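Trainee: Mind looking at a prediction? Sequence and model below.
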Amino acid sequence: MDYINDMLDISKKKDLKRAVHFQKKLAFHVLLSGTPVLDTVLGFDASYLEKDGKEYIISTCSLFERKENNFVFWKNFYSIDEVFFPYIPGFFTFREGVGFISCWDKIPLSVRKKVSLIMVDGHGIYHPHRAGLAVYIGIVTQIPTIGCAKQGFLGNYTMPGLKRGDRAPIIFDDEIVGIVLRTRDYVKPMWISPGHLISIDSLSRVVLDLTENYRIPLPIREAHIFSKKLKNML
DNA sequence: GCGACAG
DNA sequence: ATCTTGTCGC
Ligand SMILES: [Mg+2]
């Protein structure tokens, strides 16, 4: 099946019935194993803008490379597209997935193939059909992907301890689908779940390695700042 | 049926 | 996500 064109078509037609079916198929192909190598990490985020009654999404991909024991900014990419699909919890892929595909297209193949991990501002398998935005991106790119959300969603979880590194499992449909992870002392935690090609056990190690002075993982934070900067320049 | 509900 | 300045607290 054509994950890209099918998703784009569903998004443009706002076809929720097909969207549900699409997500169920997506979930079937998720692989919850693997510990990604952290060489080049990509962070994805987006911001929105209204112009002449039309809504546009400003999508950004920020790349960081590991040098020794820390990550150094490499380069940014962006795209701007009109969006038709509204924000509906549980159908985020059909809104921001469109932006990701567009931005990913801007990245040269030589750069793309260096990416060893993708971090997404949203959920992975912690989703009604175990097919959040991070799952979609992971399956389309076939690169290990992690969903890093700023808020919880469905299911059950308890809040972790107050220190960086403290965590608690997220349970949905009687299964552990991710973790609530404290990335900074005394600061609101992050809700982390696998997108594709990564195990739940390796989630905390990877996310903590990419968060030091801020709550949000470095690549996602940079993508967020960059998309807003672009927006304010238009 | 009602309310909650990633960004 | 977006509309928005200063301000309080860890
Ligand atoms: Mg975002």
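Mentor: Ah, there it is.

Trainee: which strands and helices sit next to the longest helix seen in chain A?
Mentor: Under DSSP state H, the helix in chain A containing the largest number of residues is helix A:218-233. Counting contacts by 3 or more C-beta pairs under 8 Å, 6 or more residues apart in numbering; DSSP states H and E, helix A:218-233 packs against strand A:40-51, strand A:54-67, strand A:70-82, strand A:117-120. (Glycine included, C-beta is placed from N, CA and C.)

Trainee: what about that helix and DNA strand B, any contact?
Mentor: No - using C-beta under 7 Å from any atom of the strand, we find that helix A:218-233 stays clear of DNA strand B, coming within 7.7 Å at best.

Trainee: do that helix and DNA strand C meet?
Mentor: Yes - residues of helix A:218-233 are located near DNA strand C by C-beta under 7 Å from any atom of the strand, namely A:224, A:228, A:231.

Trainee: rewinding a little: can you put the helices and strands packed on helix A:218-233 in JSON lines and add mean pLDDT and mean neighbour count?
Mentor: As requested, these are exported to JSON lines (pLDDT from 0 to 100; neighbours: other C-beta atoms under 10 Å):
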{"stretch": "strand A:40-51", "mean pLDDT": "97", "mean neighbour count": "21"}
{"stretch": "strand A:54-67", "mean pLDDT": "97", "mean neighbour count": "20"}
{"stretch": "strand A:70-82", "mean pLDDT": "97", "mean neighbour count": "15"}
{"stretch": "strand A:117-120", "mean pLDDT": "98", "mean neighbour count": "28"}
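
Trainee: In JSON lines: those, plus distance to DNA strand B.
Mentor: Conversion of those to JSON lines gives the following (distance: least, C-beta to the nearest atom of the strand, whole Å):
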{"stretch": "strand A:40-51", "distance to DNA strand B": "6"}
{"stretch": "strand A:54-67", "distance to DNA strand B": "9"}
{"stretch": "strand A:70-82", "distance to DNA strand B": "15"}
{"stretch": "strand A:117-120", "distance to DNA strand B": "8"}
